[in-house]
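Chemist: Here is a sequence with its predicted model. Questions after.
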2 protein chains.
Amino acid sequence: MERNYSSLILAQAVHEISRLPGIGEKTALRLALHILKKDVAQARALGNAIIHLKENIKMCGICHNISDSETCTVCSNSERDHSIICIVENTRDVMAIENTGQYKGVYHVLGGIISPMEGVGPADLMIDSLLERINSDKVKEVIFALPTTMEGDTTNFYLYKKLAHFNVEISTLARGVAIGEDLEYTDEITLGRSLVNRIKFAQS
Amino acid sequence: MERNYSSLILAQAVHEISRLPGIGEKTALRLALHILKKDVAQARALGNAIIHLKENIKMCGICHNISDSETCTVCSNSERDHSIICIVENTRDVMAIENTGQYKGVYHVLGGIISPMEGVGPADLMIDSLLERINSDKVKEVIFALPTTMEGDTTNFYLYKKLAHFNVEISTLARGVAIGEDLEYTDEITLGRSLVNRIKFAQS
């Protein structure tokens, strides 16, 4: 429904805000009226942060993760283990793994996964630069951390074939019953896989 | 939880977006990554619309509704009936009534309702300017369209007392069973009131 805005400026702001995903016109209006209530400094901070975000953010030249500089903080950190590369779909996956605090290697962000349905082929992903990295750097291990979907498996398979020529170890994230999860509520595929890949106790 | 952003620019944008009501850090990140995917023009349009909104929007000097100019389009429209003033709480109520296309009078936006719990007293609302309007203009009727809450009723009562000195008709929105609504699902107070205020068929 076309609403009757008393102000074109308001209508314009609502229009722009409602173009964001998951935000309808009603929510956009609520947000716009909220911004109107707050002081000018906050509106400027928000508006400029959005413009700044798009204008000034870079992609790391090595791992293609979002970065403030030409080389991201992970790739430029000499304390990280540059011989292990974890392959992920996007920035969010890097954040998820970084938040665990358990990984000391570096990343490679593909920027998507192979999806014929959405017209994404290997050429659209950052695969060439990955092969170059493995070729030139002293890479010992590559960890696949792509989603367990048909697209993720396709991408895994494609990369696996490509990496077969290199002398690197290939591993993938362990899949299994989540910690704290009831067996009763675990899906059959995950439970089945966690049985097949069961971990033996070390005999003392 | 403090997330590990690979970019300070991204962290800043997420921080600003997550200050909006109803938007948490996860949603803010999703929106920021969406903005990153779109072109620069769209990010600039959004950012500038937000800044523009706060910097350039005005309040109508007469009815205090949001407006692009000193006098809003309703108050400056000579085809509207300036002898009827509808009193509403905020801009959203004006939009709701305008969307019906049934009202040809003008408005007065109080900017809130009397709420001792939230520390809002009559002095915080646009009541003085309402009395001035009624005093100086040729106002015949005032329609109360405030919410049917304790705060709304308190405000109605306060205004009713204030308007008693003026020679104006006072009316309020009809409350009753909504069109298309089942009696079974109508709350008792609304159904009771719609019985008391029943409308008689005109006898032919």
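Modeler: Structure received.
Chemist: can I see the domain layout of chain A?
Modeler: According to automatic domain parsing, chain A comprises the domains A:8-56, A:66-172.
Chemist: Could you pull up the residues touching A:I97?
Modeler: A:86, A:88, A:103, A:107, A:145 (Cβ atoms under 8 Å, 6 or more residues apart in numbering or on different chains). The way it works is simple: take the backbone N, C-alpha and C, and place the C-beta from them, glycine included.
Chemist: Distance check, it against A:N90.
Modeler: Distance from A:I97 to A:N90, counting by Cβ to Cβ, to the nearest Å: 12 Å.
Chemist: Hmm, B:L10 and A:A49 touching each other?
Modeler: No - counting by Cβ atoms under 8 Å, A:A49 stays clear of B:L10, with 9.6 Å between them.
Chemist: which stretches of chain A aren't confidently modelled?
Modeler: A:1-3, A:137, A:202-204 (pLDDT under 70).
Chemist: now the strands: where do they sit in it?
Modeler: Ranges of strands in chain A, per DSSP state E, are A:58-59, A:66-67, A:81-88, A:105-109, A:141-144, A:169-172.
Chemist: can you tell which of these is closest to chain B?
Modeler: Chain B sits nearest to strand A:66-67 of all the strands of chain A, at 4.9 Å, using Cβ to the nearest Cβ.
Chemist: That closest one and chain B in contact?
Modeler: Yes - contact of strand A:66-67 with chain B (Cβ under 8 Å from any Cβ of the partner chain) involves A:66-67.
Chemist: Partner strands of that strand, with direction?
Modeler: Here strand A:66-67 is paired, per DSSP bridges, with strand A:58-59 (antiparallel).
Chemist: Centre of the chain to the strand it pairs with, how far?
Modeler: 14 Å (Cα atoms, centre = their mean, to the nearest Å).
Chemist: And the contacts of that strand?
Modeler: Strand A:58-59 has contacts (Cβ under 8 Å, 6+ apart) with A:65-70.
Chemist: Can you give the distance of the helix ranked longest in chain A from its chain's centre?
Modeler: Looking across chain A with DSSP state H, the single longest helix is helix A:40-56. Computed by Cα atoms, centre = their mean, the chain-centroid distance of helix A:40-56 equals 23 Å.
Chemist: what comes up buried for that helix?
Modeler: A:42-54 (16 or more other Cβ atoms under 10 Å in any protein chain shown).
Chemist: now swap in stretch A:79-93 and tell me
Modeler: A:80, A:82, A:84-91, A:93.
Chemist: which residues touch the one residue sitting closest to the centre of chain A?
Modeler: The residue lying closest to the centre of chain A (Cα atoms, centre = their mean) is A:N90, at 2.4 Å. Listed by Cβ under 8 Å, 6+ apart, the contact partners of A:N90 are A:109-112, B:33.
Chemist: Angles on the backbone of it, please.
Modeler: Main-chain torsions, A:N90, degrees, to the nearest 10: phi -150, psi 180.
Chemist: Tell me how far it lies from A:L146.
Modeler: Applying Cβ to Cβ to A:N90 and A:L146 gives a distance of 10 Å.
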